[in-house]
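# here is my input; please provide its structure:
(one chain, ligands or ions: 1)
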Amino acid sequence: MLERLYASLPEKTKKHERFEMPVAESFQQGNKTIVRNFSSILKAINRDSRHAIKFIAKDTATNAVIDDSGRLVLNGKFSSMQINDLIKNYITQFILCPECKRPDTKVVEKQGVRMLKCEACGAISAVKGL
Ligand SMILES: [Zn+2]
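Now for the predicted structure:
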């Protein structure tokens, strides 16, 4: 019975592991919120930090900077749940391929428009605000 269940799983789910959302570790210090592992999150998504910072600053309506140790420092108090929601929104919007949901994308320019190109499935998607 168990064998038959396994055999009926589509090839795809067996071969490709799902993208794991990086988890932000943040804490509050005075009126600031610090994301301790921001640089490793950026590394995991392999994307330019300026765009991510701009998005986060806009979404929280506050000032966001990266300090000397690669931590993200936000003016204002945000819970770790809020921070993780932000990161998740960013990744879903700008990193994951809209077609296959894999994170192997890069930004390409087509006729002056920035598009998301997926290295995994080859899809080129228009993403607003990229
Ligand atoms: Zn894709």
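
# okay, now the domains of this structure?
For the chain, the structural domains run 23-95, 97-130, going by automatic domain parsing.

# quick one: buried residues of the host helix or strand of residue 115?
According to DSSP states H and E, residue 115 maps onto strand 113-118. Buried residues in strand 113-118, counted by 16 or more other CB atoms under 10 Å: 115-118. For every residue, glycine as well, the C-beta is placed using N, CA and C.

# following it, which helix or strand comes up?
Past strand 113-118, the next helix or strand by DSSP H and E is strand 124-126.

# show residues contacting that following strand.
Contacts made with strand 124-126 from outside it, assessed by CB atoms under 8 Å, 6 or more residues apart in numbering, are listed as 97-99, 108, 110, 113, 115-118.

# give the rounded mean pLDDT of that strand.
Mean per-residue pLDDT for strand 124-126: 95.

# is residue 73 in a helix, a strand, or coil?
strand (DSSP: H, G, I helix; E, B strand; the rest coil).

# can you pull the contacts of it?
Shown in contact with residue 73 (CB under 8 Å, 6+ apart): 32-35, 64-67.

# 7 Å - rerun?
Contact partners of residue 73, counting by CB atoms under 7 Å, 6 or more residues apart in numbering, are 32, 34, 65, 67.

# of those, keep whichever come out buried.
Applying 16+ other CB under 10 Å to the contacts of residue 73, the neighbour count classes 32, 34 as buried.

# which one of the contacts of residue 73 is nearest the ion?
Nearest to the ion among those: residue 65, at 32.5 Å, using CB to the ion.

# what pairs with the closest residue to residue 77 other than its chain neighbours across the strands?
Closest residue to residue 77 apart from its sequence neighbours, by CB to CB, 6 or more residues apart in numbering: residue 28 at 5.2 Å. According to DSSP bridges, the residues that bridge with residue 28 are residue 33.

# correct me, but residue 28 touches residue 76?
No. Taking CB atoms under 7 Å as the definition, residue 28 is not a contact partner of residue 76, at 9.2 Å.

# bridged to residue 105, which residues?
On the basis of DSSP bridges, residue 105 takes part in beta bridges with residue 118.

# count of neighbours near it?
The tally of other residues near residue 105 (other CB atoms under 10 Å) stands at 27.
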